[in-house]
Every structure is written in structure tokens, then in C-alpha cells.
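Participant: Return atomic coordinates for the entry below.
(4 chains)
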There are 2 protein chains.
Amino acid sequence: MAEDVKKGMRSPGDPLRGGMDLMVLSILAQERCYGYGIQQQVARASGGTVRLPAGTLYPLLHRLEAEGLISSRWDAATGRRRKWYALTSAGRRKLKLQASRWQSYAACLQVLLRPLIGESS
Amino acid sequence: MAEDVKKGMRSPGDPLRGGMDLMVLSILAQERCYGYGIQQQVARASGGTVRLPAGTLYPLLHRLEAEGLISSRWDAATGRRRKWYALTSAGRRKLKLQASRWQSYAACLQVLLRPLIGESS
DNA sequence: CTCTATTATATCGAATATCGATATAAGGAG
DNA sequence: CTCCTTATATCGATATTCGATATAATAGAG
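Facilitator: Sure, this is the predicted structure:
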């Protein structure tokens, strides 16, 4: 149940390709949520600048579930028929890894971008 | 000579898909450089954590040049036969745009990631 | 001088993330 | 009843990334 670990996929492409994965995982790390709710959280967290289209979101959720990083459960207790997703322990590990890679990537980009933004120092 | 401007390019995929573009553009914004040198700068700026494989780099440079964002010029004055790239004015505009989008994306992710990293407060 | 590692650029094919369009269904407002 | 929003889903098109591979020139070791 972890055959994806050895599949490959190192290098910088990872933090980029899976950027949306990281967003979803980080949201689910705080509390369980359903697709549409995740979509709204992303929009809110970015002030509407970042969007997560349904055509991206749902295939992504299915993929994460297939990889065992999240688990799903239909629940209509809130009055609405929703598919709630929760992070698995494997998902938590993956999140840490992805977040770490992301930090590296973001830090690198910040180093390269800094001299172009403010040169007050 | 600017047919890419009207092509579309909304949504979050852009700052992700063109992540490497942004790196290359930001490096060339500081001073002209050649492929191999860019590769090394990325490695150095990230402490070796981020890599830009040749199979990614050169097609990327060719694409950016085809889009008119950078210009190339062979020059062996430094003792080595190298293809030097420089940012065009269109490239500078693109860089600003891409950087802005990147900031939005990075800010969003930081908001989502923050509560998972430090909970000391 | 010869041999090798590094520098330097290039291309191809495979893998795959993203997205617009599209479809479906259910709940609430008027 | 009708319409908008919520909510999930899938498909095909597109673009990016990367490993593998090839080539050539240069520097240094022996």
C-alpha cells in the first residue's frame, strides 16, 4: 500500500506538479472537508485569486484517495449529501514531505525574485 | 507578435505550470546568462534542493525565445562557446505578471500551511 | 599527446497535472 | 413550478516536466 513511493518523481517538478495536492492536503490536515468546501477554502485563503476548478478538484481527490492519502465517507448528517474527506496517516506523512519540498522551492524562488522586487536594503 | 497574451491563461495552473519559466526569467532579469549557468544558479539558490534538468531547461529556453520573452546570442568571448540569453521587454512584463501570480499562490499556500507548521502562539 | 571528466547544448518520447466543458442531482427561494 | 446554488463526476485537450540519449569542445591528468 505504498507502491507510489518507489515510482520515482523526484526533482523540482514534484512541488509544482502536485501544487494542488499540497493545497488539498493542507486543508484536510486541519479538519475533514468535502470537495466543494475545499474549493471555497482555497478561494477564501487567497482572496479569490487562486481557484480550484471542479475539473481539477474531483479527479485530484479521487487520485489522492486511490493513493491512500485521504479517505472518503458519504455523510448527510449536516443536511446535505456530501462526500467528506479526511487525511490518512500516509497522507499526513506525504503532506510533511510535500510541504518541505514546497518550502525549498518557494525559498529558492524568493531568493531569485527578491532582488527584483525591493532593493531597499 | 503577442498572440499569447489573448490566449487565456487564467486560473491557478498558470503559476504552477510555468514555475520553471519564472525561475529562468527571474535569473535573466538580473543579468544575461547561458543555459548551463542558469542551471547552476538554480542549484545554488536552493542549496542543491531544486534542480533544473537539461531535458527541461533547453526546451524551456527555446519556448521562451519563441514567445519573444528572451533573446539568444552565441558568444565565445569568454573563452567558451555559449548561447547567451537575455530578457526582452516583453519578458520583463511577463516576469512581473508571473511573479505577481506566484506571490498570490505562495501567499495562499502559506496561509494554509501556517497552522500546520508552528502552533506555538 | 592521449584519455577522461566536465562543460554545454540539443531532442525525443513518456508520464501526468490541469482545466474547460459538460452532465447530473438535490435543496432553497420566489 | 422554476431557477440559482450547492455538490459531485467524467472526458478530452493541452502543456509541462523529465529521463535518456547524443554530440562537441575544453581542461586537466598521466
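Participant: what's A:Ala107 sitting at in phi/psi?
Facilitator: phi -70, psi -40 (degrees, to the nearest 10).
Participant: right, and it touches B:Ser46 too?
Facilitator: Yes. Counting by C-beta atoms under 8 Å, A:Ala107 touches B:Ser46, with 7.0 Å between them. (C-beta placed from N, C-alpha, C; glycine too.)
Participant: between those two, which one's more packed in?
Facilitator: B:Ser46 (21 against 15; other C-beta atoms under 10 Å in any protein chain shown).
Participant: which non-adjacent residue is nearest that one?
Facilitator: In this structure, B:Ser46 finds its nearest non-sequential neighbour in A:Cys108, 3.6 Å apart by C-beta to C-beta, 6 or more residues apart in numbering or on different chains.
Participant: list the contacts for the residue in chain A that DNA strand C sits nearest to?
Facilitator: Per C-beta to the nearest atom of the strand, A:Gly55 is where chain A lies closest to DNA strand C, at 2.1 Å. If you count contacts by C-beta atoms under 8 Å, 6 or more residues apart in numbering or on different chains, A:Gly55 has none.
Participant: For it, what is the enclosing helix or strand?
Facilitator: Secondary structure assigned from DSSP states H and E places A:Gly55 in helix A:54-66.
Participant: Show me which residues of that helix are buried.
Facilitator: Neighbour-count burial for helix A:54-66, counted by 16 or more other C-beta atoms under 10 Å in any protein chain shown, picks out A:56-57, A:60-61, A:64-65.
Participant: and the helix or strand containing A:Lys94, what other elements does it pack with?
Facilitator: If you go by DSSP H and E, A:Lys94 is part of helix A:89-117. Under the contact criterion of 3 or more C-beta pairs under 8 Å, 6 or more residues apart in numbering or on different chains; DSSP states H and E, helix A:89-117 touches helix A:13-17, helix A:19-30, helix B:19-30, helix B:35-45, helix B:89-117.
Participant: Turn those into JSON lines, columns for mean pLDDT and distance to A:Trp74.
Facilitator: Formatted as JSON lines, these follow (pLDDT from 0 to 100; distance: least, C-beta to C-beta, whole Å):
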{"stretch": "helix A:13-17", "mean pLDDT": "58", "distance to A:Trp74": "29"}
{"stretch": "helix A:19-30", "mean pLDDT": "95", "distance to A:Trp74": "16"}
{"stretch": "helix B:19-30", "mean pLDDT": "95", "distance to A:Trp74": "36"}
{"stretch": "helix B:35-45", "mean pLDDT": "97", "distance to A:Trp74": "45"}
{"stretch": "helix B:89-117", "mean pLDDT": "93", "distance to A:Trp74": "25"}
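Participant: between the ones you listed, which gets nearest to A:Arg93?
Facilitator: With respect to A:Arg93, and counting by C-beta to C-beta, the nearest of these is helix A:19-30 at 10.4 Å.
Participant: Render the CA-only coordinates of the closest one in CSV, please.
Facilitator: Written as CSV, here are the backbone C-alpha positions of helix A:19-30 (Å, rounded to 0.1, in the frame of the first residue of the first chain):
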residue,chain,number,x,y,z
GLY,A,19,0.9,22.0,-6.0
MET,A,20,-2.8,21.5,-5.8
ASP,A,21,-2.3,18.3,-4.0
LEU,A,22,-0.5,20.2,-1.3
MET,A,23,-3.3,22.7,-1.0
VAL,A,24,-5.9,20.0,-0.6
LEU,A,25,-3.8,18.0,1.8
SER,A,26,-3.1,21.1,4.0
ILE,A,27,-6.8,21.9,4.2
LEU,A,28,-7.7,18.4,5.1
ALA,A,29,-4.9,18.4,7.7
GLN,A,30,-6.9,20.9,9.8
